[in-house]
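Engineer: Sequence and predicted structure below; questions after.
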Amino acid sequence: VVHNEWHCGHTPREWARHPHTRGGKAVPAGGRDGTVRDPAAGLVQTTPPLGFPPAGTGNDFIKTIGTPRNWKEALDFILTHPARPVNTGEVNDRFFLNVCGGGFDVLTLTYALEAKKHVKGIWPYLYGVLRAIRTFKPFKMHIQVGDDLTLDKDCMICTIANGRYIGGGIPIASMADVEDGLLDVLVVDAVPRWKIPFYLPSLMGGSLYKRKVAHHYRVKTCSLSSPGMMLNLDGEILPIEESHYRIFTDALKVHW
């Protein structure tokens, strides 16, 4: 299991790139998506593949690549499935593996993180959704999609996805493909607060991108900017008002 710091003095990223890992068949990294992100970044464009035994509460990226949730089954899966390349992303020169973005979903995750101190499983996220409905306000977003499209609008959600899931299994970008060499950009127009519950079934069912208020793009680069924006970076909530994204094709080998 990868911790934030190793007793040998190496960070997870340094450990993943250390010569003693180069000759191995796989580098296992257990933890939530934000924890796994660091060793994954250390293995980009290197030979050893990364294995994902589940250890965090969300484990969202392993849902995209099909790794079982049970530890023993996950280890068997890693040992019996060949390593295949997946895409990775970058935001403001920072590596990301799964999903980034801002809006209603980030507010939900913020409240869910508070609730995790008291309850486990899906309950923190349900609490987060209910509280976010009560407090959410649309945010003004400037979006540059690829080289040709610029959007300035009030948004409810703006998600940049390599993987498909957030929040312990919410398919925010069910259409995303970690092998297609493109980022999936989902922009959802702002709606009155009382209408938000009517879109939750689509969000939970993975079909939000099909609704009329949603706009879906596939691009290699994009940018977001919004005053006071809080950004979800693989499950970590960070204050980033301007963010610039790009995709790296076949950058990381994973057993899946």
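Structural biologist: Noted; the coordinates are in hand.
Engineer: low-scoring stretches of the stretch 1-150 of the chain, by residue?
Structural biologist: Residue ranges of the stretch 1-150 of the chain with pLDDT under 70: 1-35, 55-57.
Engineer: The same query, at a cut-off of 90, please.
Structural biologist: Scanning the stretch 1-150 of the chain for pLDDT under 90 picks out 1-60, 62, 66-72, 74-82, 105, 109, 112-113, 116-126, 129.
Engineer: Leaving out the residues flanking it, which one is nearest to residue 167?
Structural biologist: Nearest residue to residue 167, sequence neighbours excluded (CB to CB, 6 or more residues apart in numbering): residue 125, at 4.7 Å. (Each C-beta comes from the backbone N, C-alpha and C, glycine too.)
Engineer: tell me the SS of that neighbour?
Structural biologist: Following DSSP: H, G, I helix; E, B strand; the rest coil, we place residue 125 in the helix state.
Engineer: so who does it touch?
Structural biologist: Applying CB atoms under 8 Å, 6 or more residues apart in numbering, one finds that residue 125 lies in contact with 108, 109, 112, 167, 168, 170.
Engineer: Now the fifth one: which helix or strand?
Structural biologist: To tie it back to what came earlier, the one meant is residue 168. If you go by DSSP states H and E, residue 168 is not part of any helix or strand.
Engineer: do you know how far the residue nearest to it when sequence neighbours are not counted is from residue 36?
Structural biologist: When the adjacent residues along the chain are set aside, residue 168 lies closest to residue 58, with 4.7 Å between them (CB to CB, 6+ apart). When distance is defined by CB to CB, to the nearest Å, residue 58 is 10 Å away from residue 36.
Engineer: more neighbours, these two?
Structural biologist: Here residue 58 and residue 36 are compared on neighbour count by other CB atoms under 10 Å; more neighbours surround residue 36, at 28 against 25.
Engineer: I'd guessed the more buried one sits against residue 52; true?
Structural biologist: Yes - under the criterion of CB atoms under 8 Å, residue 36 lies in contact with residue 52, with a separation of 6.6 Å.
Engineer: Now the residue nearest to residue 74 when sequence neighbours are not counted. Its backbone dihedrals?
Structural biologist: Distances taken as CB to CB, 6+ apart put residue 53 closest to residue 74, at 4.5 Å, once the chain neighbours are dropped. With angles defined as degrees, to the nearest 10, residue 53 shows backbone torsions of phi -70, psi 140.
Engineer: Just give the nearest non-adjacent residue to the residue nearest the centre of the chain, would you?
Structural biologist: The geometric centre of the chain, computed from its C-alpha atoms, lies nearest to residue 99 (CA atoms, centre = their mean), at 2.4 Å. Nearest in space to residue 99, with sequence neighbours left out and distances taken as CB to CB, 6+ apart, is residue 161 at 4.8 Å.
Engineer: Is residue 184 in a helix, a strand, or coil?
Structural biologist: strand.
Engineer: Run a quick neighbour tally on residue 82.
Structural biologist: Residues near residue 82, counting by other CB under 10 Å: 8.
Engineer: Report the contact partners of it.
Structural biologist: Residues in contact with residue 82, defined by CB under 8 Å, 6+ apart, are residue 255.
Engineer: now do residue 196
Structural biologist: With contacts defined as CB under 8 Å, 6+ apart, the neighbours of residue 196 are 104, 133, 136, 156.
Engineer: did I read that right, residue 107 in a helix?
Structural biologist: Yes - assigned with three-state DSSP, residue 107 falls within a helix.
Engineer: For it, give its distance to residue 92.
Structural biologist: The value you get for residue 107 to residue 92, if CB to CB is used, is 21 Å.
Engineer: Those two: who's more crowded?
Structural biologist: When neighbours are counted by other CB under 10 Å, residue 107 comes out ahead of the other of residue 107 and residue 92, with 22 against 15.
Engineer: Residue 102 contacts residue 233, correct?
Structural biologist: No - counting by CB under 8 Å, residue 102 sits too far from residue 233 to count as a contact (10.3 Å).
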